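Visitor: 3D model of this:
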Amino acid sequence: MPETEAVELSIILTSRNPSAQLKRSLDRVLKAQRPRQEVIVSFCRQSDGYPVDWPLNYPGVTFIKSPVDTDLPMMLSEAIGRARGEIIAITDSGSIVAEDWCESILKAHTLTDAPVVGGTVEPERLTGLASWAAFFCDYAQFMLPAESRCIEAVPGNNISIKRRALRSGTEFVEDEFWKSLWCRHLRSEGVELVMEPAISVVSENRYRLLPLLLQRFRQARAFAGFSSRNDSFWRRSVYAARSLLLPPLFTVRVTSAVIRKRRSLGMLILSWPIIALIAIFWSAGETVGYAAGRLGNARKSSETMVSI
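Guide: Here you go, the predicted structure:
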């Protein structure tokens, strides 16, 4: 799309490791795309050896290549800074959007003044208990059945934002986009977050146990380190101590969310020990993050490529 042409919707697709799964997700996004919309793929690699010449097969798509193991909030911040749309929609390579996803987003934003609209997330093609546990931890509260209403949180793989909302809470957007902290800031200012079930994606994210647990530890440490970066040592110490209480609270919250949906109860029971492990590793990561700060939080240079 020419730089001078007005963009109605920017679609951001993130990936931590370009693969066939990213291609599948991108193909569906492009199928859902309509005129006056742009697609931005923000990706990094888990190693330097992964071939990335396949983006040349997607004319018109903007690819932002970040250095190896760049944190997701940094990747998102880069992509949001590059986006030109009045509405910005975010998903990831482990998610497959519905064919009417873009249309449903635009319709929802037409019908509500709320600047942030989230949709539903359903499990699909999940293999192994670690994958189910991760899905429940991330998306249990966003499964069907659901209704249009104001909510306290929106899913990171199915969120759409009016551009004007990004003027508030810029400290959570400009260098690193921390969705949960940014949404918390908006709610503290009386801004509503809205759930619209018609905006739907399915999650196909698959995990192995040990990499999943280590990933959650790293994410939690980064989250705690970023959110407390300006706090005193004593305040961070209090937060670190409070994080030790997270495992039972988090496990109960996830379990209750699945039970309320009255679905997938068998998988919940089978994966419950892993859910508890995820909670423990997240708690440990937060504790370390508050006490010692995070690692690797410097902004890294990225490369932007536009396929033509």
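Visitor: what segments of the protein are helices?
Guide: With DSSP state H as the definition, the chain shows helices at residue ranges 20-32, 72-82, 101-111, 129-139, 179-188, 209-227, 233-243, 246-261, 265-292.
Visitor: same for the third one, what does it pack against?
Guide: It refers to helix 101-111. strand 9-15, helix 20-32, strand 87-92, strand 116-123, strand 159-162, strand 193-203 (3 or more CB pairs under 8 Å, 6 or more residues apart in numbering; DSSP states H and E). For glycine as for every other residue, the C-beta is placed from the backbone atoms N, C-alpha and C.
Visitor: same list, these, but as CSV with distance to residue 245, mean neighbour count and mean pLDDT please.
Guide: Supplementary listing: the helices and strands packed on helix 101-111 in CSV, determined by distance: least, CB to CB, whole Å; neighbours: other CB atoms under 10 Å; pLDDT from 0 to 100:
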stretch, distance to residue 245, mean neighbour count, mean pLDDT
strand 9-15, 31, 25, 96
helix 20-32, 36, 18, 91
strand 87-92, 30, 25, 98
strand 116-123, 27, 23, 98
strand 159-162, 28, 24, 98
strand 193-203, 26, 22, 97
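Visitor: so which of these comes closest to residue 184?
Guide: strand 193-203 (9.9 Å; CB to CB).
Visitor: the closest one: partners in the sheet, and parallel or antiparallel?
Guide: strand 95-97 (antiparallel), strand 116-123 (parallel), strand 149-151 (antiparallel) (DSSP bridges).
Visitor: out of these, nearest to residue 199?
Guide: For the strands paired with strand 193-203, the distance to residue 199 is smallest for strand 116-123, at 3.0 Å, taking CB to CB.
Visitor: and that closest one with helix 101-111, angle?
Guide: Our comparison of strand 116-123 with helix 101-111, counting by axes from the mean of the first three to the mean of the last three CA atoms, to 10 degrees, yields an angle of 140 degrees.
Visitor: quick one: strand 116-123 to helix 179-188, angle?
Guide: Comparing the axes of strand 116-123 and helix 179-188 via the same axes, to 10 degrees yields an angle of 140 degrees.
Visitor: for strand 116-123, the distance to its chain's centre please.
Guide: Computed by CA atoms, centre = their mean, to the nearest Å, the separation of strand 116-123 from the middle of its chain amounts to 11 Å.
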